[in-house]
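**Student:** Give me a model of this one.
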Amino acid sequence: MNYIFKELEKIGAGIQIMRGGNIRARLEGTVKDSPSIMIGSHIDSVFQGGACLMVL
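**Tutor:** Residues are numbered from 1 along each chain as shown. As a prediction, this is how the structure comes out:
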């Protein structure tokens, strides 16, 4: 997970560790008051993790 933290820090994202060990990161957009976009994926050993990304 150190790799993930370093990459998120490189782009200036804020990082939180949630209950259960999930990582939440937020990167502010360049347009003030624009809507947020949320994406998620597995970064562990889940077979084909990240194969399905969807907009919520």
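
**Student:** Please count neighbours and contacts with C-alpha atoms only from this point.
**Tutor:** Fine.

**Student:** Quick check: bridge partners of the residue nearest the centre of the chain?
**Tutor:** Nearest residue to the geometric centre of the chain (CA atoms, centre = their mean): residue 25, 4.6 Å. The partner list for residue 25 in beta bridges (DSSP bridges) reads residue 15.

**Student:** Might one say that it is in contact with residue 14?
**Tutor:** Yes - if you go by CA atoms under 8 Å, residue 25 and residue 14 touch, sitting 5.4 Å apart.

**Student:** which residues are in contact with both of those two?
**Tutor:** With contacts taken as CA atoms under 8 Å, 6 or more residues apart in numbering, residue 25 and residue 14 have residue 8 as neighbours in common.

**Student:** tell me the contacts of the residue nearest to the centre of the chain?
**Tutor:** So residue 25 contacts 8, 13-16 (CA under 8 Å, 6+ apart).

**Student:** What's the separation between it and residue 2?
**Tutor:** 14 Å (CA to CA, to the nearest Å).

**Student:** picking up where we left off before, is it possible to mark the buried ones in the contacts of residue 25?
**Tutor:** residue 8 (16 or more other CA atoms under 10 Å).

**Student:** Make TSV out of the contacts of residue 25 and add distance to residue 40 and pLDDT.
**Tutor:** Below are those laid out as TSV (distance: CA to CA, whole Å; pLDDT from 0 to 100):
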residue	distance to residue 40	pLDDT
8	14	90
13	15	90
14	15	90
15	14	91
16	14	90
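
**Student:** can I get the contacts of residue 25 in TSV with distance to residue 43?
**Tutor:** As requested, the contacts of residue 25 are exported to TSV (distance: CA to CA, whole Å):
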residue	distance to residue 43
8	13
13	17
14	18
15	15
16	15
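
**Student:** from the contacts of residue 25, which single one is nearest residue 34?
**Tutor:** residue 13 (16.8 Å; CA to CA).
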